[in-house]
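[1] one predicted model, sequence on top.
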Amino acid sequence: MFPVIPAELGVHPLLLAVLHAVVFLEGSGADVVNSAAAQEQLEVVATMLQRLSENDLRRVREDMATLVGYAKHEKWDKGSIQFLKNFLDDYGVK
């Protein structure tokens, strides 16, 4: 489960929605989500993220940096911080 992010951080709500969905799909066991269907949807998410315009990508990178800083400040577990740090690379966003 991805922690709730306060609105005051100013992170775009659509990015937060994507992160929550990805965490759910990646982290749910076969008893909750069909693994093949989850993987297929994660690939669609990656494809959509790779379509971001230069301006949108700049905003996403800023928001991700904000989230990493917040996660460190709130002392999230290392795995969650690494997820945020690696998210764009893991989904093929350059």
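    Nice, thanks for sending it over. Numbering: from 1, shown residues only.
[2] nearest spatial neighbour of the residue nearest the centre of the chain, skipping sequence neighbours?
    Computing the C-alpha centroid of the chain and ranking residues by Cα atoms, centre = their mean puts residue 19 first, at 3.0 Å. Of all residues not flanking residue 19 in the chain, residue 2 sits nearest, at 5.9 Å (Cβ to Cβ, 6 or more residues apart in numbering). For glycine as for every other residue, the C-beta is placed from the backbone atoms N, C-alpha and C.
[3] then residue 87?
    Leaving aside its sequence neighbours, residue 87 sits nearest to residue 64 (Cβ to Cβ, 6+ apart; 6.5 Å).
[4] that neighbour - how many residues pack around it?
    The local packing of residue 64 (other Cβ atoms under 10 Å) involves 19 other residues.
[5] now do the one 10 residues further on
    Neighbour count for residue 74, taken as other Cβ under 10 Å: 11.
[6] for the one 4 residues further on, same thing?
    Neighbourhood size, residue 78 [other Cβ under 10 Å]: 8.
[7] one more: residue 24?
    14.
[8] and the strand or helix carrying it, average pLDDT?
    Counting by DSSP states H and E, the element that carries residue 24 is helix 13-27. For helix 13-27, mean pLDDT is 95.
[9] quick one on the thing from earlier: can you report phi and psi for the residue nearest to residue 19?
    In terms of degrees, to the nearest 10, the main-chain angles of residue 2 are phi -90, psi 130.
[10] helices along this protein, start to end?
    For the chain, the helices defined by DSSP state H cover 13-27, 35-49, 54-73, 78-90.
[11] mind putting those in a markdown table, distance to residue 6 included?
    Output for the helices of the chain, formatted as a markdown table (distance: least, Cβ to Cβ, whole Å):
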| stretch | distance to residue 6 |
| --- | --- |
| helix 13-27 | 10 |
| helix 35-49 | 23 |
| helix 54-73 | 8 |
| helix 78-90 | 15 |
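[12] does the residue nearest to residue 87 touch residue 90 like I think?
    No. Using Cβ atoms under 8 Å, residue 64 is not in contact with residue 90, being 11.7 Å away.
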